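>>> For reference, the sequence and a predicted model appear below.
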Amino acid sequence: MEKYNIFVISDNQTFAKNFISKILLLRKTDLIGSCGYLEAKNELQNLSPDIVFFHIKDYQDTKKILEFKEIKSLEKSVFIMLSEFEDSDLLCSAFDFGIDDFMSVNVDETALIMRVMWALKRKRASDLANRNSDILSFLNVTEQNTGFFQKTHTQKVFEKEYAKISENHEKSIVMVISADILCKSKLPVTELGKIVKNVIRSNDIAGFAPDEKVYLILPNTDESGAKKLFERISERLDGVTVSATAADNFCATFSELEKILNKQLARALTTSEKFIFVPSDFETSSKTISSQKDKLLTKASILKRLEKVVTPTFFKMQAIYEPKFFDTKISQINSEKEMSFIVSGAFLSLKISIKFEDFPSIMVLIKNVLRGSSSTEKHYFDIDELTTERLENIMQTELDVYRTNLYEDEEEIL
């Protein structure tokens, strides 16, 4: 079988032969093949041409593009549509289906040669990018299936990219996405990453972060674009939900903005407001409010206020759930540094801690351990945001998950 590096798919082979005659062979090794739609499905299964020309006669033909884009050997090929007519709706549909470029069937030889040269150059650049991506994946810098940065590297990469964007005065959106608390077991972060991968652009920067989150930097995007992206992600979910926060790059450093976004994400995860966009004046207003609180509230008074929320909630949850658990001990810790609710079993444990490391912000730290495998989540709240109702919702969700795991674990033993 010939190893064609340029291939023309058309049911009109007379047109295909005439079109091929226009192409100037740039190198002696170039080989050009052609066949109809039905034959091409089999013909191209074991071929990886640099360029695939796709002859379109009408709108229905654009749908056939998807069938060829799903052929594994063609996933790195450049697809160029050859159209009998020019129509904006047809073009939009074709690009949605995966076309990389477009030209009229009546294109002159000079323009055709230039487009072929451009496509070959693009293919070489794509091959180099894929090779670099493979190396990063091999070194465990990126995750293999999505190309997202692993959580051990995301922080450094995002700090550097954020600094570069800010230095160049570019407008970008930073976005944090997480599966909702009850959906985390059904939607692991790697699966969420695959869904996100299918809706972001090639120049968007993506990485996995601690607490099962996905971080994104979206260049040249605004609030409307971020919200639309979130909607596209949500549309692709089945039986699960996610929450997200986003903001433009108004903070001096990525770390500062990250903290604000994660605090707002904690609010989204525990309310019905699933997408929260943080306005650029948030930092100033937040600092003003914090400054006023600092004057009114001392550390001792904050602890006292928290105790009125946390202690009764801890005892209430213990009274409700302790009778439901077997071979399990529930205990509490109450100190100046943290208040913790601890559930300990033979093969699994749960610890919900309220920590006061960054006044006036409160961190709710959730640590689950199941047969030696552990996961940790962090939620940040202002003192007024951690209400009895919100804490009860968080604890109830985690304790119900613990109970499910407890009985599943018992069934495995039996």
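That came in fine, so what should we check first?
>>> so Ala94, which of the three states?
Classification of Ala94 into helix, strand or coil gives helix, according to DSSP: H, G, I helix; E, B strand; the rest coil.
>>> What confidence value was assigned to it?
With respect to pLDDT, Ala94 scores 80.
>>> Please enumerate the strands of the stretch 151-300 of the chain.
For the stretch 151-300 of the chain, the strands defined by DSSP state E, counting those that start in this stretch occupy 172-179, 205-209, 213-219, 242-248, 275-277.
>>> Export those to TSV and append columns for distance to Lys41.
For every residue, glycine as well, the C-beta is placed using N, CA and C. Formatted as TSV, the strands of the stretch 151-300 of the chain follow (distance: least, C-beta to C-beta, whole Å):
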stretch	distance to Lys41
strand 172-179	37
strand 205-209	33
strand 213-219	35
strand 242-248	36
strand 275-277	41
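>>> Now render those as JSON lines, adding mean pLDDT.
Written out in JSON lines, the entries for the strands of the stretch 151-300 of the chain read as follows (pLDDT from 0 to 100):
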{"stretch": "strand 172-179", "mean pLDDT": "96"}
{"stretch": "strand 205-209", "mean pLDDT": "95"}
{"stretch": "strand 213-219", "mean pLDDT": "96"}
{"stretch": "strand 242-248", "mean pLDDT": "95"}
{"stretch": "strand 275-277", "mean pLDDT": "95"}
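>>> Below-threshold pLDDT in this structure: ranges please.
Filtered on pLDDT under 70, the chain yields the residue ranges 1-2, 24-29, 283-302, 357-360, 409-414.
>>> So which residue is smack in the middle of it?
Among the residues of the chain, the smallest C-alpha distance to the mean C-alpha position (C-alpha atoms, centre = their mean) belongs to Val196, namely 3.9 Å.
>>> Tell me the spacing between it and Ala179.
For Val196, the distance to Ala179 equals 11 Å [C-beta to C-beta, to the nearest Å].
>>> mind listing what the one helix or strand Phe381 maps to pairs with, with the direction of each?
Using DSSP states H and E, the element containing Phe381 is strand 373-382. Sheet pairing for strand 373-382, assigned by DSSP bridges, gives strand 361-370 (antiparallel).
>>> Just after the strand holding Phe381, pick out the following helix or strand.
Using DSSP H and E, the helix or strand that directly follows strand 373-382 along the chain is helix 388-413.
>>> what helices or strands is that next one leaning on?
Counting contacts by 3 or more C-beta pairs under 8 Å, 6 or more residues apart in numbering; DSSP states H and E, the secondary-structure elements packed against helix 388-413 are helix 299-321, strand 338-344, strand 348-358, strand 361-370.
>>> let's see it at 10 Å
Under the contact criterion of 3 or more C-beta pairs under 10 Å, 6 or more residues apart in numbering; DSSP states H and E, the helices and strands touching helix 388-413 comprise helix 254-269, helix 299-321, strand 338-344, strand 348-358, strand 361-370, strand 373-382.
>>> List every C-alpha atom in the helix or strand where Leu38 lies, with coordinates, as CSV.
Under the criterion DSSP H and E, the helix or strand holding Leu38 is helix 37-43. What follows is helix 37-43, C-alpha atoms only, in CSV (Å, rounded to 0.1, in the frame of the first residue of the first chain):
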residue,chain,number,x,y,z
TYR,A,37,-16.1,8.5,0.8
LEU,A,38,-17.0,4.8,1.2
GLU,A,39,-13.6,3.5,0.0
ALA,A,40,-11.7,6.2,2.0
LYS,A,41,-13.0,4.8,5.3
ASN,A,42,-11.1,1.6,4.7
GLU,A,43,-8.3,3.1,2.7
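>>> Show me which positions of it end up buried.
By neighbour count with 16 or more other C-beta atoms under 10 Å, helix 37-43 contains the buried residues Ala40, Glu43.
>>> Which neighbours do Val196 and Ala179 have in common?
Taking C-beta atoms under 10 Å, 6 or more residues apart in numbering as the contact rule, Val196 and Ala179 both touch Val189, Val214, Val242.
>>> can you list the domain ranges for the protein.
6-135, 151-293, 299-413 (automatic domain parsing).
>>> Export those as CSV, with columns for distance to Glu143.
Written out in CSV, the entries for those read as follows (distance: least, C-beta to C-beta, whole Å):
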stretch, distance to Glu143
domain 6-135, 11
domain 151-293, 7
domain 299-413, 17
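>>> No more questions from me, cheers.
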